[in-house]
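In: with the sequence up front, the predicted model follows.
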Amino acid sequence: MTTVGIDDTDSRTRGMCTTYVGARIAAALRERDVRVDRPALVRLNPAIEHKTRGNAAVAVHADCDPETGFEVARDLIDRLAETDDPNTQPGLVVTPGVDRPPEAVREFARRAVRERHDLEDALALIERAEYRQAGWSGGRGRIGALAAVGARDAFEGWTYERISYRERERWGTPREVDPESVFAAADAAYPEAWDTVDRGTGDLVCVPSAPGPILHGIRGDDPESVREVADAIESEPIERSALFVTNQGTDAHLRDGEVATVEDGRAYRLEGRVASEPETRRGGHVFLALEDGGTTMACAAFEPTKRFRNRVRVLRSGDRIVACGEVSEGTLKLEKFAVRELNRIAYETPDCPRCERSMESAGRDQGYRCRDCGTRAERKVEVEMDRAIETGWYEVPPCARRHVAKPLVRGGFDAPIHPER
């Protein structure tokens, strides 16, 4: 089976979507009576600075000769890619008809989700594997295209997304989607279909705001659920729909790490103790310090994470947590966290055992005394306090979730979950 990998055909400002180009390639091959498997939508490292919003690459697996796959894909990239944007650098990689890519290509795909690659490394591996390739405007997209080629055999636990595309003349105009039908469809299919809406903010998460061909994208654990939701949405006419298998919602980007050894541009699961009381800073961003083995780093819940910040604000020094997210400029951007152990101990000024009044400080390092009867106490008293948070996992709301981040409702976590809807 030949695999056609593509990446970087879209633009942050001009629109387009690599999934749309992939869907058009699959459709063009089917028109030639070629059997095509469900295309794969692969979310790569979300910390890469060159990415457009979702950093998606696409692979189309087809029963055709490599020459046919290459020519069909090249023609459509020529016609559809937004190469007038200098930041758009499409890439195309096509494999010969083999059952499985070599381990080096599979490892390249795994690392592309968690690290960064240079174009030179991608081109060298493409040459060793004897794949066909083409690049436009520098061709940086060949990195993602090669990763897409290796992804199907590199990862497990795939999910699904059904994407519906707009008629061409409507691109760049406001999308016409009935919100009530979206919420009703989302409620009927939850939790098999997830992140369709955000019930806290009222956002239609499945409907993008950027210019481009996508009308809505429905994500979930099985093909039937995402199809039912998509079909139930009342909207403007749809030009075409495509079902993708995808690594979305899998946490494929996270690696276990230690505070002392984290690197920028990667995403981690880090365990440690909260070393400072959470602080809300200008703009509504919430910061705390995470300590492990004597090393401390900043963790942040930024304003776009909305109500998730309230979960972070009730953490205290001494709480033991697992923090998950991308590291940038030495700060971990929180996507989710697990409370392992809560610090329930507080220290309060003692009450006088005779007068039952609160004592006062007797001076620096001199303890406390009752102003009425003179009774003294050496130190504050230890009390157990109630906490406004429980042990278990907490996450950002759907409106703030990264494409590749795993929603808690999907399960498989090692503690109780407190999912956002």
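Out: That came through, no problem. Numbers count the residues shown, from 1 in each chain.

In: flag the shaky bits of this protein, pLDDT-wise.
Out: Along the chain, the parts satisfying pLDDT under 70 run over 49-53.

In: helix, strand, or coil at the residue nearest to Asn343 when sequence neighbours are not counted?
Out: In this structure, Asn343 finds its nearest non-sequential neighbour in Gly318, 3.2 Å apart by CB to CB, 6 or more residues apart in numbering. Any C-beta I mention is one placed from the backbone N, CA and C, and that applies to glycine too. Put simply, Gly318 is coil when judged by DSSP: H, G, I helix; E, B strand; the rest coil.

In: OK, contacts around Gly318?
Out: Gly318 makes contacts with Arg273, Val274, Asn343, Ile345, as judged by CB atoms under 8 Å, 6 or more residues apart in numbering.

In: how about a cut-off of 7 Å?
Out: Applying CB atoms under 7 Å, 6 or more residues apart in numbering to Gly318 gives the contacts Arg273, Val274, Asn343.

In: distance across stretch 397-407, terminal residue to terminal residue?
Out: For stretch 397-407, the first and last residues are 9 Å from each other (CA to CA, to the nearest Å).

In: ok, which stretches of this structure are helices?
Out: For the chain, the helices defined by DSSP state H occupy 18-31, 66-80, 103-114, 119-129, 142-151, 179-189, 223-232, 308-313.

In: so for Asp7, which of those helices sits nearest?
Out: Of all those, it is helix 142-151 that lies closest to Asp7, at 3.0 Å by CB to CB.

In: quick check: buried residues in the biggest strand by length in the chain?
Out: For the chain, the longest strand by residue count, based on DSSP state E, is strand 331-341. Neighbour-count burial for strand 331-341 flags Thr331, Leu332, Lys333, Leu334, Glu335, Lys336, Phe337, Ala338, Val339, Arg340 (criterion: 16 or more other CB atoms under 10 Å).

In: ok, stretch 358-372 next?
Out: For stretch 358-372, a neighbour-count test (16+ other CB under 10 Å) marks Met359, Ala362, Tyr368, Arg369, Cys370 as buried.

In: include distance to Gly412 when you put those residues into TSV, please.
Out: Shown next, in TSV, are those (distance: CB to CB, whole Å):
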residue	distance to Gly412
Met359	51
Ala362	55
Tyr368	51
Arg369	56
Cys370	56
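
In: which members of those are positioned in strands?
Out: Using DSSP E, Tyr368, Arg369 are the members of the buried residues of stretch 358-372 that sit in strands.

In: closest to Ala73 among the buried residues of stretch 358-372?
Out: Nearest to Ala73 out of the buried residues of stretch 358-372 is Tyr368 (CB to CB; 77.3 Å).

In: and that closest one, bridged to which residues?
Out: According to DSSP bridges, the partner residues bridging Tyr368 are Ser361, Ala377.

In: separation between it and Ser361?
Out: Using CB to CB, to the nearest Å, Tyr368 is found at 6 Å from Ser361.

In: do the same with Asn247
Out: 58 Å.

In: Gly374 too?
Out: 14 Å.

In: now swap in Pro66 and tell me
Out: For Pro66, the distance to Ser361 equals 81 Å [CB to CB].
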